[in-house]
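*Asks:* fold the following for me, if possible:
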Amino acid sequence: MLKKRELSERELFEEIPVPRAVTILAIPTIISQIVTMIYNLADTFFIGQLSNPYMVAAVSLVYPWFNLITALGNLFGIGGSSLISRMLGAGDHEDARYVSAFSLYGGAAVTLGFSAATYVARRPILEFLGASEETFLYGEQYLFLVVVLGGIPTMLSLTLAHLLRSEGHAKQASAGMMLGGILNMILDPILIFLFDMGIQGAALATVVSNMVSVLFFAAAFLRLGRKTAVSLLPRHFTFRFMGPVCSVGLASALATTLASASNMVIVKLASGYGDIPVAAYGIVKKIDSFPLGVSMGLCQGFMPLVGYNFASGNYRRMRDISLFSWKAAMIFSACTVALFWGFAPQILYLFIPEARTSMQGAEFLRIASLAVPFTAVNGLICYTLQAMGKGAPSAVLTSCRQGLVNIPLLVVMNLAIGLYGMIWTQLVTELIMLPISLIMYYATLHKLNGRAA
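*Replies:* Numbering: from 1, shown residues only. Model prediction:
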């Protein structure tokens, strides 16, 4: 059985044509990302049907803080999965169990601390995020359920999915994410409307869905048995691989953390214009995350391929995988921009049948969508560098995009242009960073080619 698994692994990572290999790993991941995006949208959609912009604004305020748990999932999940893929490419199956155990239990411990700190400081956190008198109670209810109670299940579901993908088990990883997403969409209307729980119903649906996903992933690893090098046993926990895991995962964690920080800044600034712009921006951010989620699924799908071929020294195949993925992301992104520009008013009204919020949101969506193709390519380059174990260059690019450039630019654009200036900021940031990302990527390839020669 072990020999058969290794032969299948070699065919997938080394032999079959690049488009097919990327498709096999990326399509299930993209589907799971789409379902995840849909269930993230579902909270906003069903809450929006209550025609209460203050509830929508409260979700928008809390979401960047909740997204910090995703950063922890990326820190330990992507960092661990990238290292495992490179270990498999180098023929080292033994140490993979220690890497996976550290990623799982180390991540759970850190998330527990984050959730506890959130509970203690919930009032100043909400005030910092820009909660008004009308949104404070709704925000507190949502924050308590999705972050304080639901933090660990959310982090574990993300990390376990990444660990499954590290060995090429993309279908099982996607199935678990899809299960959680579909369950969330079923529970949302039941808890929000049937049980009249409002915003608390949406939050509880998210918590329960992530718990079910964790159980599914645990069962998937048990079914794989000896077919997986990943271990969920606490006895394999060690700090020995903390450095390699965190150095690579830090770039993804930084990307999510700084993106959340950017969202916090823009929501805080937008709150100065009233709760309606906050609600409108929150809806647009959820809609805009759909094409970016597809690009993220593509990234997570091709990372094991890039990492494996980098470790085995097949740099030409690694480069072909990256270029094919970039082209696919650009084509999809261009189609998304056309869709959002053509149907922005209808899309926003679908989410909240309230005239002021939907009209302003439609204007926001058309502007925000222009950044999507450039965000996708910049993100793909960062993930390619992570898959190669180049955590430092990837972290530098991420820090510049979301921190050193984007956040100061948000403040400047708000002062110079006002509310709409902040919406244009992401496009300006991505255009500034694109040539820098390309230069750093090709410089890395040049070094590898020189080493191979």
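
*Asks:* distance-wise, check the nearest residue to Ile31 once chain neighbours are set aside relative to Gln33.
*Replies:* Nearest non-adjacent residue to Ile31, counting by Cβ to Cβ, 6 or more residues apart in numbering: Ser174, 5.6 Å away. Heads up, the C-betas are built off the backbone N, CA and C, glycines and all. From Ser174 across to Gln33, the span is 8 Å (Cβ to Cβ, to the nearest Å).

*Asks:* quick one, strands of the stretch 1-150 of the chain?
*Replies:* Here the stretch 1-150 of the chain has no strands by DSSP state E, counting those that start in this stretch.

*Asks:* just give the number of residues close to Met155.
*Replies:* For Met155, the number of neighbouring residues by other Cβ atoms under 10 Å comes to 29.

*Asks:* so that it lines up with my notes, have the first residue be 11 from now on.
*Replies:* Yes, from this point I'll number from 11; that puts the last item at Met165.

*Asks:* I figured it hits Leu85, correct?
*Replies:* No: between Met165 and Leu85 there is no contact under Cβ atoms under 8 Å: 9.4 Å.

*Asks:* which neighbours do the two share?
*Replies:* The contact sets of Met165 and Leu85 overlap at Gly117 (Cβ atoms under 8 Å, 6 or more residues apart in numbering).

*Asks:* for Leu173, grab the count of nearby residues.
*Replies:* Count around Leu173 with other Cβ under 10 Å applied: 29.

*Asks:* helix or strand: which one has Val277?
*Replies:* If you go by DSSP states H and E, Val277 is part of helix 252-280.

*Asks:* ditto for Thr248
*Replies:* Here Thr248 sits in a region with no helix or strand, counting by DSSP H and E.

*Asks:* that one: how many residues sit nearby?
*Replies:* Neighbourhood size, Thr248 [other Cβ under 10 Å]: 15.

*Asks:* give the contact list for it.
*Replies:* Thr248 makes contact with 108, 111-112 under the criterion Cβ under 8 Å, 6+ apart.

*Asks:* if any of those are buried, give me the PyMOL selection for them.
*Replies:* Selection of buried members from the contacts of Thr248 for PyMOL, criterion 16 or more other Cβ atoms under 10 Å:
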select buried, resi 108+111+112
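
*Asks:* dump the contacts of Thr248 to TSV, plus distance to Met195 and pLDDT.
*Replies:* Output for these, formatted as TSV (distance: Cβ to Cβ, whole Å; pLDDT from 0 to 100):
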residue	distance to Met195	pLDDT
Tyr108	37	92
Ala111	33	93
Phe112	33	95
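
*Asks:* quick one: which of the contacts of Thr248 is nearest Gly371?
*Replies:* Nearest to Gly371 out of these is Phe112 (Cβ to Cβ; 42.6 Å).

*Asks:* isn't Thr169 right up against Gly90?
*Replies:* Yes: contact criterion Cβ under 8 Å: Thr169 and Gly90 qualify, at 7.3 Å.

*Asks:* who touches both of the two?
*Replies:* In contact with both Thr169 and Gly90: Ser113, using Cβ under 8 Å, 6+ apart.

*Asks:* so what does the strand or helix carrying Trp434 touch, helix or strand wise?
*Replies:* Applying DSSP H and E as the criterion places Trp434 in helix 429-462. The contact analysis (3 or more Cβ pairs under 8 Å, 6 or more residues apart in numbering; DSSP states H and E) places helix 429-462 against helix 252-280, helix 325-361, helix 365-379, helix 382-397, helix 401-409, helix 416-426.

*Asks:* go with 6 Å
*Replies:* Counting contacts by 3 or more Cβ pairs under 6 Å, 6 or more residues apart in numbering; DSSP states H and E, helix 429-462 is packed against helix 365-379, helix 382-397, helix 416-426.

*Asks:* among those, which is the most enclosed?
*Replies:* Highest mean neighbour count among these (mean count of other Cβ atoms under 10 Å): helix 382-397, with a mean of 25.

*Asks:* orientation of that helix relative to helix 365-379 in degrees?
*Replies:* Per axes from the mean of the first three to the mean of the last three Cα atoms, to 10 degrees, the angle that helix 382-397 makes with helix 365-379 is 60 degrees.

*Asks:* so how far is helix 382-397 off the chain centroid?
*Replies:* Averaged C-alpha coordinates place helix 382-397 at 12 Å from its chain's average position (Cα atoms, centre = their mean, to the nearest Å).

*Asks:* cool, stretch 209-228 as well?
*Replies:* Centroid separation between stretch 209-228 and its chain, computed with Cα atoms, centre = their mean, is 17 Å.

*Asks:* and what of stretch 451-459?
*Replies:* The answer for stretch 451-459 is 27 Å, by Cα atoms, centre = their mean.

*Asks:* give the buried residues for it.
*Replies:* 451, 454-455.

*Asks:* any chance of these in a markdown table, plus distance to Leu225?
*Replies:* Formatted as a markdown table, the buried residues of stretch 451-459 follow (distance: Cβ to Cβ, whole Å):
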| residue | distance to Leu225 |
| --- | --- |
| Tyr451 | 39 |
| Thr454 | 40 |
| Leu455 | 42 |
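
*Asks:* lowest-confidence member of those, which is it?
*Replies:* Lowest in pLDDT among the buried residues of stretch 451-459 is Leu455, which has 82.

*Asks:* so for the nearest residue to that residue once chain neighbours are set aside, what's the pLDDT?
*Replies:* Nearest non-adjacent residue to Leu455, counting by Cβ to Cβ, 6+ apart: Arg329, 6.4 Å away. At Arg329, the model reports a pLDDT of 86.

*Asks:* now do Ala100
*Replies:* pLDDT for Ala100: 77.

*Asks:* list the contacts of it.
*Replies:* Neighbouring residues of Ala100 by Cβ atoms under 6 Å, 6 or more residues apart in numbering: Ala321.

*Asks:* how close does it sit to Phe86?
*Replies:* Look at Ala100 and Phe86: by Cβ to Cβ, they are 21 Å apart.

*Asks:* same question for Ile202.
*Replies:* Look at Ile202 and Phe86: by Cβ to Cβ, they are 32 Å apart.

*Asks:* which one's more surrounded, those two?
*Replies:* Taking other Cβ under 10 Å, Ile202 and Phe86 do not tie; Phe86 has more neighbours (32 against 24).
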